[in-house]
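Peer 1: Got a sequence here, can you model it:
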Amino acid sequence: WWFIWGIMLFWIFATPYDIPGQRNKNESPLYILKKQLASNQITTEEYQEKKRMIEEDLKK
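Peer 2: Prediction:
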């Protein structure tokens, strides 16, 4: 039984917290929007419109 508990504890502490592909919960909506613009997922016009909407929402 001690062996199983040892493996479980090792698994908990050895598992990396920044798993590649995992969404980072600290990314702000504006940061995500900038990444979409940089990767050409959205146009400049879409970026400006969505940025304005986000900024208005943050003011509330």
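Peer 1: use CA for all of it now, contacts and neighbours both
Peer 2: Noted.
Peer 1: helices and strands of the chain: which one bottoms out on pLDDT?
Peer 2: In the chain, the helix or strand scored least confidently by mean pLDDT, DSSP states H and E is helix 2-14, which has a mean of 81.
Peer 1: Which strands or helices does the lengthiest helix in the chain pack on?
Peer 2: Ordering each helix of the chain by length in residues (DSSP state H) puts helix 44-59 first. Here helix 44-59 touches helix 29-38, going by 3 or more CA pairs under 8 Å, 6 or more residues apart in numbering; DSSP states H and E.
Peer 1: buried set for the helix it packs on?
Peer 2: 33, 37 (16 or more other CA atoms under 10 Å).
Peer 1: Please state the offset of it from the chain centre?
Peer 2: Distance, stretch centre to chain centre, for helix 29-38: 11 Å (CA atoms, centre = their mean, to the nearest Å).
Peer 1: how big is the angle separating it from helix 44-59?
Peer 2: 180 degrees (axes from the mean of the first three to the mean of the last three CA atoms, to 10 degrees).
Peer 1: Mean confidence (pLDDT) on helix 29-38, please.
Peer 2: Taken as a whole, helix 29-38 carries a mean pLDDT of 92.
Peer 1: CA atoms only for that helix - export them in PDB, please.
Peer 2: Extracted in PDB, the C-alpha atoms of helix 29-38 (Å, rounded to 0.1, in the frame of the first residue of the first chain):
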ATOM      1  CA  PRO A  29      -9.700  39.000 -23.400                       C
ATOM      2  CA  LEU A  30      -7.600  41.700 -25.000                       C
ATOM      3  CA  TYR A  31      -4.500  39.500 -25.000                       C
ATOM      4  CA  ILE A  32      -6.400  36.700 -26.700                       C
ATOM      5  CA  LEU A  33      -7.800  39.200 -29.200                       C
ATOM      6  CA  LYS A  34      -4.200  40.400 -30.000                       C
ATOM      7  CA  LYS A  35      -3.100  36.800 -30.500                       C
ATOM      8  CA  GLN A  36      -5.900  36.200 -32.900                       C
ATOM      9  CA  LEU A  37      -4.900  39.400 -34.900                       C
ATOM     10  CA  ALA A  38      -1.300  38.400 -34.900                       C
END
